[in-house]
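1. model this:
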Amino acid sequence: MFCPRPIPAAIAFAVLIGAGAAAAQAPREAARAEIWDLVMGSPAGALPRVFSDFACGANGGPPSLPLEGFTDFRRCQPEAGGLREVYFRYDDELEYRAKALNMQTEMERFAGTKAYGFPVIVSALFNDRGVLRGLRLSSDARDLTRRRDDAHALRGFLIARFGSADWVCADHPPEDGESPVGRTFIKQDCRKTLGETALTLETRLFRKAGQKAFDPRTERETQGSFESRVRFEMLGRE
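-> Below you'll find the predicted structure:
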């Protein structure tokens, strides 16, 4: 009978150190699937199954009816244009692996569902045949890991992703009662066409009528009393 020779202690220790180093590097080198990995025109059943918390979407808002996956899209009510919105979240496995290894940078990188470091709500839009016709991304005011008044800065990253040229933007003036946040007032709608795909980008940072920087009764500074969001959508033609 063959009996393996004992491994010298020094070699065994080196093997353990090497394995630990490889495990520690895994989150840094890994990449998780994001909304950009969904290919327009794909059938629901062909999309990556690495996301979580599927539900019917609410026009870029919080989720409603829970779903098993993208293929459950028919359980969601169609929007005015006929598409059905499926909300989802990014997988959190890499975040928990980074936490286990106490890797702060990777913990932040893989925490929550984010785009360029901004908390976002993401969803996919399907036609009645189950073909992916659109993607939707909105800043997530529920996630307090980043200041809400920073949300408008996501606009620049999305503009850069799809190229800075050929965007047609309209800046809207304040309506009655609307006012800047500090010195900043942003109420902008942008559009761009890329081949068969239409892109829309809405950016907002202002105070609505009735929202004040300071509470008139207590004279204390208010918290979160302003509109701050980015909403992005890409739609392919049928």
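2. Quick check: buried residues in the helix or strand containing Tyr87?
-> According to DSSP states H and E, Tyr87 maps onto strand 84-89. With burial defined by 16 or more other CB atoms under 10 Å, the residues of strand 84-89 counted as buried are Arg84, Glu85, Val86, Tyr87, Phe88. Just so you know, the C-beta spots here come from the backbone N, C-alpha and C atoms, and that holds for glycine as well.
3. likewise stretch 56-76?
-> For stretch 56-76, burial by neighbour count (16+ other CB under 10 Å) applies to Cys56, Gly57, Gly60, Pro63, Leu67, Phe70, Thr71, Asp72, Phe73, Cys76.
4. three-state assignment of the fourth one?
-> Assigned with DSSP: H, G, I helix; E, B strand; the rest coil, Pro63 falls in the coil class.
5. avg pLDDT for stretch 123-137?
-> Mean pLDDT, computed over stretch 123-137, is 97.
6. ok so, going back, and the furthest pair within the buried residues of stretch 56-76?
-> Gly60 and Thr71 (21.6 Å; CB to CB).
7. For the residue nearest to the spatial centre of the chain, give the beta-bridge partners.
-> Nearest to the mean C-alpha position of the chain, by CA atoms, centre = their mean, lies Val120 at 3.5 Å. Note on Val120: beta-bridge partners by DSSP bridges are Ser139.
8. wait, what's in contact with Arg237?
-> Shown in contact with Arg237 (CB atoms under 8 Å, 6 or more residues apart in numbering): Glu196, Thr197, Ala198.
9. Go again with 6 Å.
-> Each residue near Arg237 by CB atoms under 6 Å, 6 or more residues apart in numbering is listed here: Glu196.
10. any idea how far Arg207 is from it?
-> Applying CB to CB, to the nearest Å, the value for Arg237 to Arg207 is 38 Å.
11. same thing with Gly130?
-> Separation of Gly130 from Arg207 (CB to CB): 42 Å.
12. which of the two has more neighbours?
-> Ranked by neighbour count (other CB atoms under 10 Å), Gly130 and Arg207 place Arg207 first, with 21 against 16.
13. Skipping its backbone neighbours, what lies nearest His152 in space?
-> Closest residue to His152 apart from its sequence neighbours, by CB to CB, 6 or more residues apart in numbering: Leu205 at 4.4 Å.
14. How about that neighbour: which residues does it bridge to?
-> Under the criterion used (DSSP bridges), Leu205 bridges to Ile186, Ser228.
15. From what I see, it and Ile186 are in contact.
-> Yes - with contact defined as CB atoms under 6 Å, Leu205 reaches Ile186; the gap is 4.2 Å.
16. Pull up the overlap in contacts between those two.
-> Residues touching both Leu205 and Ile186 (CB under 6 Å, 6+ apart) are His152.
17. Who has more neighbours out of those two?
-> Shown here are Leu205 and Ile186; by other CB under 10 Å, Leu205 has more neighbours (24 against 17).
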